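# no sequence on hand, only this structure:
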């Protein structure tokens, strides 16, 4: 058993890493990862390796080698390597933590590409912050972008044994900030769906070396696949986990340009599941309303009849995105949409529901989605006008 512990309060095991709260039980609140009460720069991390048969047996051994006693009451996240997540041992090594008094069930679960040790070593705080503050702020951003989900230890414990749905976690990776395309090549080949990539592949320059983007999907306690940031948006939209988010579609009349749309409200989802033998039929209807943020083409989409063109284009964009995400999850045999919570209403008793075995029937299900979108506002311009030059209107 290997333990990784540094002044950033991190603990690494063969199956993953823990960070954000391992401190002293008798000192000044577990400080020590920054100077001056958290106002200075983070000190250099240290590494200690210990051989032990289990995580919990390694803790007292480590406590005998350091001047402070480890305490996990303020643990922020558990980082699991993608390799270990795919091994099917999460049920043995991670979910039992729910029994441990010092680890809260609200502790976040993060699945990282590569080794957890390498990922943890690249986690650095923003200027003037602690590592834990940086992680907390990034996790909060999920509610604004929906490019990655937020799951915790309780979700892992529940999801790995649930008969209603599958477990999923935040997908993370190291991004060196060198994936930005050369100038002029961003839209080469036509419109590209924003966010349609995984953590580590986000086209950007500089910034933090670690990033959260996409979803790790589990069948029981084994990771069987992942969703891109865009597919994660579709998943969270179907689950009803967000009320506001932003999308960028291709301009309906000038596909080489884009039309950003901000969703301001999502109506209550209507989910209907018909149990028809081994092939359940799932019907989903969702209503949305929002604003046109920018019109690059300067086409007068403010006109009532032109708004309908935008609405139809956006409805198709959402329907295609949800269908694509559903097909991918169906191939992975994982219901991450909570459709099982609607299907269970068709059964009178729990034994009948368990005998039906929704998890086994979901991959055979048929799916139909209908999106309704209404443009409420078009920004601070009443009418879009073309550019005028000596050559005339553009």
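Now that the structure is in, tell me what you want to look at. Quick caveat: nothing in here was measured; it's all calculated off a predicted structure.
# skip the chain neighbours and tell me the closest residue to residue 81.
Spatial nearest neighbour of residue 81, chain neighbours left out: residue 116 (4.5 Å); criterion: CB to CB, 6 or more residues apart in numbering. (Each C-beta comes from the backbone N, C-alpha and C, glycine too.)
# ok, that neighbour to residue 170 distance?
Distance, residue 116 to residue 170, using CB to CB, to the nearest Å: 13 Å.
# the more surrounded of the two?
Taking neighbours as other CB atoms under 10 Å, residue 116 and residue 170 compare with residue 116 leading, 29 against 26.
# that one against residue 78, yeah?
No. Counting by CB atoms under 8 Å, residue 116 sits too far from residue 78 to count as a contact (9.1 Å).
# just the helices in the chain please.
Listed in chain order, the helices of the chain (DSSP state H) span 55-63, 82-85, 90-93, 116-122, 131-140, 142-145, 153-159, 229-239, 304-332, 340-343, 350-356, 358-361.
# hey, which of those helices is tucked in deepest?
helix 229-239 (a mean of 23; mean count of other CB atoms under 10 Å).
# now do that one against helix 304-332, angle only.
100 degrees (axes from the mean of the first three to the mean of the last three CA atoms, to 10 degrees).
# what about helix 229-239, average pLDDT?
For helix 229-239, mean pLDDT rounds to 93.
# so which elements touch that helix?
strand 210-219, strand 245-250, strand 281-292, helix 304-332 (3 or more CB pairs under 8 Å, 6 or more residues apart in numbering; DSSP states H and E).
# would you format the ones you listed as TSV with mean pLDDT and distance to residue 267 included?
Formatted as TSV, the helices and strands packed on helix 229-239 follow (pLDDT from 0 to 100; distance: least, CB to CB, whole Å):
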stretch	mean pLDDT	distance to residue 267
strand 210-219	93	24
strand 245-250	90	14
strand 281-292	92	4
helix 304-332	94	13
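# out of the ones you listed, the one nearest residue 272 is which?
For residue 272, the closest of those is strand 281-292, at 4.4 Å, according to CB to CB.
# show me the chain divided up by domain.
Listed by automatic domain parsing, the domain ranges of the chain are 1-228, 243-394.
# return the most buried member of those.
Stretch with highest mean neighbour count among the domains of the chain: domain 1-228 (a mean of 18; mean count of other CB under 10 Å).
# am I right that residue 384 is in contact with residue 296?
No. Counting by CB under 8 Å, residue 296 is not a contact partner of residue 384; they are 9.9 Å apart.
# ok, and the closest non-adjacent residue to residue 268?
Closest residue in space to residue 268, ignoring its immediate chain neighbours: residue 240 at 7.6 Å, by CB to CB, 6+ apart.
# quick one, what contacts the one you found?
266, 268-269 (CB atoms under 8 Å, 6 or more residues apart in numbering).
# out of the residues you listed, which is nearest to residue 165?
The closest of the contacts of residue 240, once distances to residue 165 are taken by CB to CB, is residue 269, at 14.9 Å.
# where does the stretch 151-300 of the chain dip in pLDDT?
Applying pLDDT under 70 to the stretch 151-300 of the chain flags the ranges 179, 181-191.
# related to what we said a few turns ago, make a markdown table from the contacts of residue 240 and add distance to residue 157 to it.
Formatted as a markdown table, the contacts of residue 240 follow (distance: CB to CB, whole Å):
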| residue | distance to residue 157 |
| --- | --- |
| 266 | 29 |
| 268 | 28 |
| 269 | 26 |
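# take the residues you listed and keep only those in strands.
residue 266 (DSSP state E).
# of the contacts of residue 240, closest to residue 323?
Nearest to residue 323 among those: residue 269, at 15.6 Å, using CB to CB.
# which residues touch the closest one?
238, 240, 284-286.
# switch to 6 Å and redo it
Residues near residue 269 by CB atoms under 6 Å, 6 or more residues apart in numbering: 240, 286.
# about what we covered before: the residue nearest to residue 268 and residue 231: what is the separation?
17 Å.
# now swap in residue 110 and tell me
18 Å.
# and for residue 244?
Residue 244 sits 19 Å away from residue 231, going by CB to CB.
# cool, residue 352 as well?
Separation of residue 352 from residue 231 (CB to CB) stands at 33 Å.
# let me see the contact set for the most centrally placed residue in the chain.
Nearest residue to the geometric centre of the chain (CA atoms, centre = their mean): residue 148, 1.8 Å. Under the criterion of CB under 6 Å, 6+ apart, the contact list for residue 148 reads 142, 170, 212-214, 232.
# try 7 Å this time
When contacts are counted by CB atoms under 7 Å, 6 or more residues apart in numbering, residue 148 touches 142, 170-171, 212-215, 229, 232.
# among those residues, which one sits closest to residue 261?
In terms of CB to CB, no member of those lies closer to residue 261 than residue 229, at 16.7 Å.
# my read is that the closest one contacts residue 213, right?
Yes. Between residue 229 and residue 213 there is a contact at 5.0 Å, judged by CB atoms under 7 Å.
# shared neighbours of the two, anything?
Joint contacts of residue 229 and residue 213 (CB under 7 Å, 6+ apart) are 147-148.
# who does residue 80 bridge with?
Under the criterion DSSP bridges, residue 80 forms beta bridges with residue 16, residue 111.
# how much space between it and residue 366?
Taken as CB to CB, the span from residue 80 to residue 366 is 34 Å.
# do the same with residue 327
Relative to residue 366, residue 327 is positioned 11 Å away (criterion: CB to CB).
# just residue 97 next, same as before
Applying CB to CB to residue 97 and residue 366 gives a distance of 38 Å.
# same thing with residue 54?
From residue 54 to residue 366 the distance is 46 Å (CB to CB).
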